[in-house]
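Engineer: Sequence and predicted structure below; questions after.
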Amino acid sequence: MGEAEAELEAARRARAAGNEGRARVCARRAAGQAIRAYYRRVAGPGWGGDALKQLERLKADAAAPEPVRQAAARLSAVVDFDHRLPFPEDPLEDAQRLIAFAGAG
């Protein structure tokens with residue numbers, strides 16, 4: 001999960017710099033990389049696509065635990081111009097949850 005962890009660290013740096021929008025983008029990319037690696041491992045090669053496509057796939061995967069699907073849904077949700085989220089959960093924590101799931105799968 002090296003690339004995913006590097007993106008998650010970029011998300012932390014962006015947050016520390018006060019750039020919450022960039023932090024969320026990096027968190028989403030981190031999760032997407034981990035999910036892509038997970039599906040390649042469990043379903044074989046041939047699965048590609050950007051982070052949002054990966055999140056959408058996991059969100060719809062009935063075999064994934066509900067908290068994991070919910071985290072994927074939150075990371076793929078549209079936010080307003082001021083990056084306000086319609087839920088209290090932290091995007092970086094959601095990305096960490098998805099990375100942990102993908103690594104354990």
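Structural biologist: On my side now, so go ahead. Residues are numbered from 1 along each chain as shown.

Engineer: Closest to the centroid, which residue in the protein?
Structural biologist: What sits nearest the mean C-alpha location of the chain, by Cα atoms, centre = their mean, is residue 31, with 2.8 Å.

Engineer: buried ones in the helix or strand hosting that residue?
Structural biologist: If you go by DSSP states H and E, residue 31 is part of helix 20-43. Residues of helix 20-43 classed as buried by neighbour count (16 or more other Cβ atoms under 10 Å): 20, 22-39. Where you see a C-beta, it was placed from the backbone N, CA and C, and this is true even at glycine.

Engineer: what does it contact?
Structural biologist: Here helix 20-43 makes contact (Cβ atoms under 8 Å, 6 or more residues apart in numbering) with 1, 3-8, 10-12, 14-15, 47-55, 57-58, 71-72, 75-76, 79, 83, 91-92, 94-95, 98-99, 101-103, 105.

Engineer: helix or strand right after that helix?
Structural biologist: helix 51-59.

Engineer: mind exporting the helix or strand following that next one as PDB, just the C-alpha atoms?
Structural biologist: Sequence-wise, the next helix or strand downstream of helix 51-59 (DSSP H and E) is helix 66-75. Extracted C-alpha coordinates of helix 66-75, given in PDB (Å, rounded to 0.1, in the frame of the first residue of the first chain):
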ATOM      1  CA  GLU A  66     -21.600  -1.800   5.500                       C
ATOM      2  CA  PRO A  67     -19.200   0.600   7.300                       C
ATOM      3  CA  VAL A  68     -16.700   0.200   4.400                       C
ATOM      4  CA  ARG A  69     -19.500   0.900   1.800                       C
ATOM      5  CA  GLN A  70     -20.600   3.900   3.900                       C
ATOM      6  CA  ALA A  71     -17.000   5.300   4.000                       C
ATOM      7  CA  ALA A  72     -16.800   4.900   0.200                       C
ATOM      8  CA  ALA A  73     -20.100   6.700  -0.200                       C
ATOM      9  CA  ARG A  74     -18.900   9.600   1.900                       C
ATOM     10  CA  LEU A  75     -15.600   9.900   0.000                       C
END
